[in-house]
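S.K.: Below are the sequence and a predicted model for it; my questions follow.
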Amino acid sequence: MRMSKLLMPTLREVPAEAEIASHKLMLRAGMIRKLASGIYSYLPLGLRVERKIEQIVREEMDKAGALELLMPALLPAEAYMQSGRWEIFGPSMFKMKDRYERDFCLGPTHEELFTQTAIDNIRSYKEYPMTMYQIQHKYRDEGRPRFGVIRSREFVMKDAYSFDLSEEGLDRSYQAMYKAYCNVFNRLGLDFTIVDADSGAMGGSGSQEFMVKSPVGEDGIAYCDDCGYAANYEKAECVPTEVECPEGDLDMEMIHTPNAHTIEELVEFMGAKPYNFVKTIIYKADDKFIAAMVRGDRDVNEVKLKNLVGCVDDLELAEPFEVKRITNAEVGFAGPVGLQIPVYVDKEVELMKNFIVGANQTDMHYKNVNIGKDFTPFMIADIRVICPGDKCPRCGKEIKAAQGIEVGHIFKLGTKYSKALGLKAQTETGEEKDVIMGCYGIGVTRCLAASIEQNNDENGIIWPVAIAPYEAVVVPVNAKSEEQTALAEEIYKELSDAGIEALIDDRNERPGVKFKDSDLIGIPVRIVVGKKCGEGIVEYKERTAAEAVEKTVSQAVKDVISFIKSNK
RNA sequence: CGGGAAUUAGCGCAGUUUGGUAGCGCGCUUCGUUCGGGACGAAGAGGCCGCAGGUUCAAAUCCUGUAUUCCCGACCA
């Protein structure tokens, strides 16, 4: 490709809308342009990278035996109403009506439609197991689109769905996708971590997320360097740790704590440590009230609590007036003693004695409170959020925290959608069975941003060869020099003939501009045709190298070809 | 959905406090000189100052709405 003919509007300055590296660089490199919040156009360079990622995903899916098909993005409401998700998605679904007032939406994800496809087209149990996938634009009206294409409202996603007749079959289909996902992310050159994810609310039996560690990631990861354990923050199991408590068989005692609502204020007031307190938090779970208790220096894990309570709809903090009604006190003085609602207690609290809790009376707390003696929990379970420094639930070493960008998610769905929509298969014995499903997603456009987050420097993007928009660039230093131009053209032709996706910077620009641009757009390797052109010497520079190396023309061409081939 | 900020040329910004009809840098066009890390000189083009009302002789500037965008948080099959 001739750069003089390429639509590549690079920017010297960063548009004010961008905050993170990948977003800034995609704008500066002329890969994308924003059309509305969370909605982007892809210019040639951006599209080429997106297509390459798609192709890698496609190849690995095909290799894993999945069948590619394509659903519409514009969907009739029916199947979503049948599954209940027309309501569950709520405002995050783009909904509309056609001219006859019939309901439609833009597909946010396609479990329902793939289930319907199986119902309509799979005729015999002999056709199972089957995995189908598509690579398609998805639409979600995010409450807060963010970070360029990392959280956008229209994005490209690969979604796959497996259909099996047995749990063992589901395990096999799931494992095949697991392996394919590892292959995909390895080929993309992403440094990723696989974490256990929450699946409780969906009724599934297992779920893992593929995370690219990055400080700009929106998901928390708890991991252990020693044994390799990694889990989503929401999911990570907590190992209870013991803390120092007042000794002895003490009796509960009410104390006056005026205006001490928070743990910090109490610590100040009473001179105790945060871990000597136990917080009691009132939640509303599907219109029923419950209390959750965790140590003063911990946080309640609402996902765990929600799964434990078996809450279907919403788990949210009770409103202040509700707290007042339940505890007979201002917010900040709730405690388990005499409370008339179920009290869920974190496992860690079981290890404590003589702790401090609210007294359900404004400005009053109890000290020397003990489980069993002073109150009876409804249930004791792991309901807290993991903290860095906690013990690893597998090996006991120290847990660390990181942020991650979720680029893939695999999920054992079970029979949720087959039951809702009626996907059954008749077995050889004539018995009817619900088909067991799995679903598997890769955020294609998000991978693009994730790759840039992991591969950039102060000069711009550093593409891995596998997804670089072009593999090599030939730069004649002086556009007016016929000698340089001729040699550059010759090299460009040789590379192209050898199957290299090459650029030639034939623009009438000064060398500095050409170098800056080629670094910015992240082309993996560059040949510069300059002063020593007459002696048949050019410069060879890999994007990651500090310095260029002088080589003969034929050697440089050979090295570019072998560099590209060996890094693909 | 709650809180905060912004909106002036393609991009980055000043001008708004104290009203007088718009400016800087980059980019763009033309000519010339240049040509190894975002050149220099000269001459240009480009703006209903987000939109709608209001106050005023006069509004980018003051007032009232409204839209859009970004940030923090909530939410995120």
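M.R.: Yep, that arrived.

S.K.: what does the stretch 1-150 of chain A have sitting close to RNA strand B?
M.R.: A:10-17, A:19, A:28, A:34, A:36-38, A:85, A:88-89, A:92, A:108-109, A:140, A:142-147 (Cβ under 7 Å from any atom of the strand). To be clear about C-beta, it is placed using only N, CA and C from the backbone, and glycine gets the same treatment.

S.K.: Show me the strands in the stretch 301-450 of chain A, by range?
M.R.: Along the stretch 301-450 of chain A, the segments classed as strands by DSSP state E, counting those that start in this stretch run A:315-317, A:343-346, A:355-358, A:364-369, A:379-381, A:400-414, A:424-426, A:432-434, A:436-443.

S.K.: Report the buried members of the residues of the stretch 1-150 of chain A next to RNA strand B.
M.R.: A residue is treated as buried here by neighbour count (16 or more other Cβ atoms under 10 Å); on that basis the buried members of these are A:10, A:28, A:34, A:38, A:85, A:89, A:108-109, A:140, A:145-147.

S.K.: so residue A:24 is in which element?
M.R.: Residue A:24 belongs to helix A:21-28 when elements are defined using DSSP states H and E.

S.K.: Follow the chain on from that helix and name the next helix or strand.
M.R.: Remark: after helix A:21-28, the chain's next helix or strand is strand A:32-36, criterion DSSP H and E.

S.K.: for that next one, the distance to its chain's centre please.
M.R.: 22 Å (Cα atoms, centre = their mean, to the nearest Å).

S.K.: Please export the C-alpha coordinates of it as PDB.
M.R.: The C-alpha coordinates for strand A:32-36 follow below in PDB (Å, rounded to 0.1, in the frame of the first residue of the first chain):
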ATOM      1  CA  ILE A  32     -11.100   5.100  14.800                       C
ATOM      2  CA  ARG A  33     -13.300   8.100  15.000                       C
ATOM      3  CA  LYS A  34     -16.100   8.700  17.400                       C
ATOM      4  CA  LEU A  35     -19.600   9.200  16.000                       C
ATOM      5  CA  ALA A  36     -21.500   9.400  19.300                       C
END
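
S.K.: and residue A:53, what element?
M.R.: If you go by DSSP H and E, residue A:53 is part of helix A:44-63.

S.K.: For that helix, name the packing helices and strands.
M.R.: Taking 3 or more Cβ pairs under 8 Å, 6 or more residues apart in numbering; DSSP states H and E as the contact definition, the neighbouring helices and strands of helix A:44-63 are strand A:67-68, strand A:130-139, strand A:154-164, helix A:167-187, helix A:444-454.

S.K.: closest to residue A:536 among the buried ones among the residues of the stretch 1-150 of chain A next to RNA strand B?
M.R.: Set against residue A:536, the nearest of these by Cβ to Cβ is residue A:10 (31.6 Å).

S.K.: What sits closest to that closest one if chain neighbours are left out?
M.R.: Here the nearest residue to residue A:10 in space, its sequence neighbours aside, is residue A:30; by Cβ to Cβ, 6 or more residues apart in numbering that works out to 5.0 Å.

S.K.: How far does stretch A:538-546 sit from its chain's centre?
M.R.: For stretch A:538-546, the distance between its averaged C-alpha position and the chain's averaged C-alpha position is 34 Å (Cα atoms, centre = their mean).

S.K.: If you could redo that for stretch A:82-93, that was the one I meant.
M.R.: Average the C-alpha atoms of stretch A:82-93, do the same for its chain, and the two points are 21 Å apart (Cα atoms, centre = their mean).

S.K.: likewise stretch A:556-566?
M.R.: 35 Å.

S.K.: Please enumerate residues in contact with it?
M.R.: Contacts with stretch A:556-566, where a contact means Cβ atoms under 8 Å, 6 or more residues apart in numbering, come from A:465, A:471-472, A:491, A:494-495, A:498, A:500, A:524-525, A:527, A:538-540, A:542, A:551.

S.K.: What is the most widely separated pair among those residues?
M.R.: Between all members of the contacts of stretch A:556-566, the longest pairwise span (Cβ to Cβ) is found for A:465 and A:538 and amounts to 20.2 Å.

S.K.: Could you list which of the residues of the stretch 1-150 of chain A next to RNA strand B belong to helices?
M.R.: Judged by DSSP state H, helices contain the following of those: A:28, A:85, A:88-89.

S.K.: The residue of chain A found nearest RNA strand B: what's its closest spatial neighbour, skipping adjacent residues?
M.R.: The nearest approach of chain A to RNA strand B comes at residue A:530, 1.5 Å away (Cβ to the nearest atom of the strand). Excluding its sequence neighbours, the residue lying closest to residue A:530 (Cβ to Cβ, 6+ apart) is residue A:477, at 4.1 Å.
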